[in-house]
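J.: below are the sequence and a predicted model; questions follow.
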Amino acid sequence: MSQSDLEKLNAKYPTDAGLAYLSERSVFKGKDLHNELSDMSWFELNLFGITGRQFSDGDLKILNYIWTSTSYADIRIWPNRISALASSARTTPILSMVAGIASCDAELFVATPLVNCLSMYRSFRNKLNNGQSLESLLEDKIENNETIFGFGRPISSVDERVPHLVMFLNSLERDKGESFKMAFQINDYLKRTKKIQMNIAALYSAICADLGFNEVEMNLFVSLLVFAGMPPCYMDTLEKPPGALLPLKCSDIKYTGSEPKNWLNENLSL
Amino acid sequence: MSSFHKMETAIWKETPSPDNPFQADECFCYGYNVAEDLLTNASWIDYLFLLISGRRPNKDESNLLEKLCILLANPGVRDLSVRAAMNAGVAKAPSASTLIAALSVGSGQIYGARELVLVMELWKRNFDLDKLDLTFTKADEKGIWPELNHIPGFDPHASNTSKQVKDCLNKICEFSTGLYLPWLKNSRKELEKMAKRPLSLISVIAAGFCDLRLSIQQSEFIFLMSRLPGAAAHAMEQEKLGWRKFPFFADTVSLESDAEKKRLPNIESLIEGYINEPK
């Protein structure tokens, strides 16, 4: 990187993403959007935009299932609650959805667990191929106090999405990939040693790792993972009185701070 | 995770109105009455420091934070976060959308809040260990942040330190409340030689936050908030100037791999009979 890079890009900025020739046509990743890609579902187009690849019908069924099976329309769930709070505050639908989605970079749900878990499988696969054992890799992680993303779940220990996903995959009668099998081997180890069970991130990430997603592709793919649960929460809250989402009384706040103080009369020993 | 809906806080206390448990009669922040005490006696900067850190700043800390907020208030019209805000502004998006655009873009690992985090880690590591080391270890496993491809705090697109950065560093050192800003001033040339790149303004800001004894997370929040005034100002200005004056980069952006050109369907023949009955 240097000043001359900026000079070149200031004069001419090449792109592979696509280009809109306004009033004529629009190119999307080298293909004419309206002539070559118009038969795609929006979901396929999104995946093509992320990976540059076109997936088989079987792969698309599984990837679509990932989005569908985690679209929970429950206003208590954090990203949904953010959208519902925005609805309660009577802001615009887009600002409400964006607020909910922005929270999906969180450590406790969506992006961070899924991307880190996928990265762990990719890294483990290399190390296993080099002769290391899965047990020793997990022991190292535990010894170094590293989070094993995809395992354990806040609020409840059993993730109901796991058996549903496995049943769905079994119904498709496809071979299970290396990462998918590894997820259950890790689950078995952690269940025995730590009494921790897998959450759905372990399997979503495994499926995507086995389909060849890298970390950035995974991150982009899951950015709208829980989106479909948000509009029902927005609509439901719109039916309630304004500013009344899960209302709190002053006494619902447990104050643990200092006693009343006075700014001017305070003895500052600073 | 609480199963009942009592929320815990050490920051904010409200006493309810006698006739309405949902209405606050008095609000206290860290024990100070907001209406009767803070409103009269605290400055905005004091209150900001108190809110974010939980402690009152002394006079020198308050002065330094104010100076840092001046440096942060407008990242400038070419800054990526301000350009994002202007894109939203010129299209007449709601003000919140404009600031969300600025916040998202201003969160990044270059010119943004994530860079501040990394530089503060770097300065603390270098200063506390009393050695110069600008290396970052690459983890086996990746998270949500893209790969880091420049040394945080140094301008990857320049060879010499800008006068602006030198001036800001020299001036803000006069308000230093600790050892980091003077250390940066004294070590600048050595650090730049090691990085083979000049210091950027974020490195100065990071040293300032270190001097304030704010945590990295507290500093990151103040950094993000404090850069929004410039984003708002430039967005409003572009909205007034209008989209015709806002560059579309039509002649700059060029496609590497084009698709086969096909003619646009003729809309006139497609809608024949829609307006008037066919002859």
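T.: Here it is on my side, so go on. Numbering: from 1, shown residues only, chains lettered A, B, ... in the order given.
J.: please count neighbours and contacts with C-alpha atoms only from this point.
T.: Fine.
J.: tell me which element the residue nearest to residue B:81 when sequence neighbours are not counted is part of?
T.: Distance criterion CA to CA, 6 or more residues apart in numbering or on different chains; nearest residue to residue B:81, sequence neighbours excluded, is residue B:102 at 4.4 Å. According to DSSP states H and E, residue B:102 maps onto helix B:95-105.
J.: what sits up against that helix?
T.: A:95, B:80-89, B:112, B:224, B:228, B:231-232, B:235 (CA atoms under 8 Å, 6 or more residues apart in numbering or on different chains).
J.: could you look up the SS state of whatever residue of the stretch 101-250 of chain B ends up closest to chain A?
T.: The minimum distance from the stretch 101-250 of chain B to chain A, using CA to the nearest CA, falls at residue B:157 (4.3 Å). For residue B:157, the assignment made with DSSP: H, G, I helix; E, B strand; the rest coil gives coil.
J.: likewise residue A:229?
T.: Following three-state DSSP, the label given to residue A:229 is helix.
J.: and what of residue A:246?
T.: coil.
J.: let me know how buried residue 183 is, in neighbour terms.
T.: In the absence of a named chain, this looks at chain A. With neighbours defined by other CA atoms under 10 Å in any protein chain shown, the count for residue A:183 comes to 22.
J.: switch to chain B, that's the one I care about
T.: Residue B:183, neighbours per other CA under 10 Å, totals 14.
J.: same question, residue B:25
T.: Per other CA under 10 Å, the neighbour tally for residue B:25 reads 13.
J.: can you tell me the SS state at it?
T.: Quick answer, by three-state DSSP: residue B:25 is strand.
J.: thought residue B:13 was touching it, still the case?
T.: No. If you go by CA atoms under 8 Å, residue B:25 and residue B:13 don't touch, sitting 10.6 Å apart.
J.: who touches the closest residue to residue A:180 other than its chain neighbours in this structure?
T.: Closest residue to residue A:180 apart from its sequence neighbours, by CA to CA, 6+ apart: residue A:206 at 4.8 Å. The contact partners of residue A:206, taken as CA under 8 Å, 6+ apart, are A:117, A:118, A:121, A:177, A:179, A:180, A:183.
J.: and the residue of the stretch 1-150 of chain B found nearest chain A, backbone torsions?
T.: Residue nearest to chain A within the stretch 1-150 of chain B: residue B:10 (3.8 Å; CA to the nearest CA). Note on residue B:10: backbone dihedrals following degrees, to the nearest 10 are phi -110, psi 0.
J.: what's the answer for the one 10 residues further on, then?
T.: Geometry field for residue B:20 lists phi and psi as phi -150, psi 110, criterion degrees, to the nearest 10.
J.: pull the number of nearby residues for it.
T.: The tally of other residues near residue B:20 (other CA under 10 Å) stands at 11.
J.: who's it bridged to?
T.: Under DSSP bridges, the beta-bridge partners of residue B:20 are residue B:17.
J.: equivalent analysis for the one 4 residues further on, please.
T.: Each beta-bridge partner of residue B:24 is listed here: residue B:16, as defined by DSSP bridges.
J.: ok, residue A:19 - how many residues close by?
T.: Neighbour number of residue A:19 under other CA under 10 Å is 20.
J.: who's in contact with it?
T.: A:26, A:27, A:28, B:254, B:255.
J.: that's a helix at it, yeah?
T.: No. Counting by three-state DSSP, residue A:19 is not part of a helix but strand.
J.: can you list the weak-confidence ranges in chain B?
T.: Residues of chain B meeting the criterion pLDDT under 70: B:1-4, B:278-279.
J.: how does it divide into domains?
T.: For chain B, automatic domain parsing gives the domain ranges B:12-41, B:74-106+B:227-247, B:113-225.
J.: near chain B, which residues of the stretch 51-200 of chain A show up?
T.: Neighbours of chain B within the stretch 51-200 of chain A, by CA under 8 Å from any CA of the partner chain: A:95, A:105, A:111, A:112, A:115, A:116, A:119, A:120, A:123, A:154, A:155.
J.: am I right that the third one is in contact with residue A:102?
T.: Put plainly, it is residue A:111. No. Applying CA under 8 Å as the test, residue A:111 and residue A:102 come out as separate, 10.2 Å apart.
J.: circling back: just confirm the residue of the stretch 101-250 of chain B closest to chain A contacts residue A:3, I think it does.
T.: Yes. Residue B:157 lies in contact with residue A:3 (CA under 8 Å); the separation is 4.7 Å.
J.: quick one: which of the two has more around it?
T.: residue B:157 (15 against 12).
J.: give me phi/psi at that one?
T.: phi -110, psi 20.
J.: so who does it touch?
T.: A:1, A:2, A:3, A:5, A:6.
J.: which of those are close to chain B?
T.: Among the contacts of residue B:157, the ones lying near chain B by CA under 8 Å from any CA are A:1, A:2, A:3, A:5, A:6.
J.: please indicate which of those are buried?
T.: Buried members of these, counted by 16 or more other CA atoms under 10 Å in any protein chain shown: none.
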